[in-house]
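Curious how this folds, go ahead:
(chains A, B, C and D)
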There are 2 protein chains.
Amino acid sequence: MRSVEELIERVRGQGGKATSQRILIWSALKGDVSHPTAEDLYVRLKPRLPSLSLATLYNVLNELVEWGEIRRFDTGDGRIHFDPDTSGHSELVCMRCHRVIDAPTDAVPRRHVPERVAGYRIISHSEQYFGYCPDCQRALEPASTREE
Amino acid sequence: MRSVEELIERVRGQGGKATSQRILIWSALKGDVSHPTAEDLYVRLKPRLPSLSLATLYNVLNELVEWGEIRRFDTGDGRIHFDPDTSGHSELVCMRCHRVIDAPTDAVPRRHVPERVAGYRIISHSEQYFGYCPDCQRALEPASTREE
DNA sequence: TTCTTTGCAAATCGTTTGCAGCATG
DNA sequence: CATGCTGCAAACGATTTGCAAAGAA
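Presented below is the predicted three-dimensional model:
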């Protein structure tokens, strides 16, 4: 995701407006590594701009996704998660508690994200490994059934 | 995804039943390369087993996902897509028409899907490249604005 | 002033759930 | 015949939509 200043230029350049809502949301996202849902961001930002509505938040998030500034992905918990990190990395997602962390790049090498593949113009890349986190493995395996 | 015979053994082995619904759905999925949604499968299978309900279909699909026999992923169109191909490959997803195709493996090398990463036990892997397909690029770019 | 964007509330709709009846083992 | 599974219909809940009012440029 680019800097807030660059995003202001971009939106003005296409006849759009740098509203306080957009700037607030952009600032909150920049550098966020928590893979938040729309709801997560809403409860975090509402106190700072009480008039903020969820609908606006969704508008701005979807816009950023279309611009390729952030990524959206599904963890299987029914909500969409967002990530301003658009480098070719992967997430580890727990199928039980839905915890999400970035995969260590030494275990899963980064992808180079090409601009074109098979005639498609590529805007963003998303990669997840689904499984069970250490805590949930322990919770699921009775002590005697421990595998490996 | 394993063969229907192997799945029958598996479900019986854990005290489950090889119902006609499960076998029908498993057979339909095996070898399917269309990345269907639950609804897609429903309209395809309903004529062959008119009593089939969407709820059962979701039950069976979710079960297969938990077993690691199929993958589920989101294309941004609001429905969940399923894929019996669990090899470490990628999909190309059009952000406009939501068409999905498998990425050619010469352009995007397959991933080896490890059993463990950072303490997580890995069940499945999912990777997508989002962008615009050739048709939608044409539709979006007025002839004079053609880029590249 | 003009035109984009916001906020509200209602609508949407894919997916899940509860439970009585059914079919498998 | 015991139990897991199915089908129905209702519930759910995240996201989207329509439109009048607000506020950038």
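
where's residue A:129, which helix or strand?
strand A:120-132 (DSSP states H and E).

try residue A:72
Using DSSP H and E, residue A:72 falls in strand A:71-74.

near DNA strand D, anything from the next helix-or-strand element following that strand?
Counting by DSSP H and E, the next helix or strand C-terminal to strand A:71-74 is strand A:80-83. Yes. Applying C-beta under 7 Å from any atom of the strand, one finds strand A:80-83 touching DNA strand D at residue A:80. Where you see a C-beta, it was placed from the backbone N, CA and C, and this is true even at glycine.

C-terminal to strand A:80-83, what's the next element?
Assignment by DSSP H and E places the next element after strand A:80-83 at strand A:91-94.

next one: that following strand to chain centre, how far?
Remark: strand A:91-94 is offset 12 Å from the chain centroid, using C-alpha atoms, centre = their mean, to the nearest Å.

can you count the residues close to the nearest residue to residue A:136 once chain neighbours are set aside?
Take residue A:136 and drop its neighbours on the chain: the residue closest to it by C-beta to C-beta, 6 or more residues apart in numbering or on different chains is residue A:96, 4.0 Å away. Residue A:96 has 15 neighbouring residues, counting by other C-beta atoms under 10 Å in any protein chain shown.

List the contacts of residue A:96.
Counting by C-beta atoms under 8 Å, 6 or more residues apart in numbering or on different chains, residue A:96 touches A:132, A:133, A:136, A:139, A:140.

ditto for residue A:76
So residue A:76 contacts A:93, A:95, A:98, A:130, B:65, B:72 (C-beta under 8 Å, 6+ apart).

Surely residue A:2 and residue A:70 touch.
No. Using C-beta atoms under 8 Å as the test, residue A:2 is too far from residue A:70 to be in contact (10.4 Å).

Those two: who's more crowded?
residue A:70 (23 against 15).

That one reaches residue A:60, doesn't it?
No. With contact defined as C-beta under 8 Å, residue A:70 does not reach residue A:60; the gap is 10.0 Å.

rewinding a little: can you list residues touching both of residue A:2 and residue A:70?
Joint contacts of residue A:2 and residue A:70 (C-beta under 8 Å, 6+ apart) do not exist.

By mean pLDDT, flag the weakest helix or strand of chain A.
None of the helices or strands of chain A scores lower by mean pLDDT, DSSP states H and E than helix A:134-140, at a mean of 92.

Tell me where chain A is predicted with low confidence.
For chain A, residues meeting the criterion pLDDT under 70 lie at A:142-148.

Would you mind listing what in it touches DNA strand D?
Residues of chain A lying near DNA strand D by C-beta under 7 Å from any atom of the strand: A:12, A:17-20, A:37-39, A:54-55, A:58-59, A:62, A:78-80.

what about burial for the residues you listed, which qualify?
Buried subset of these (neighbour count, 16 or more other C-beta atoms under 10 Å in any protein chain shown): A:37, A:38, A:62, A:80.
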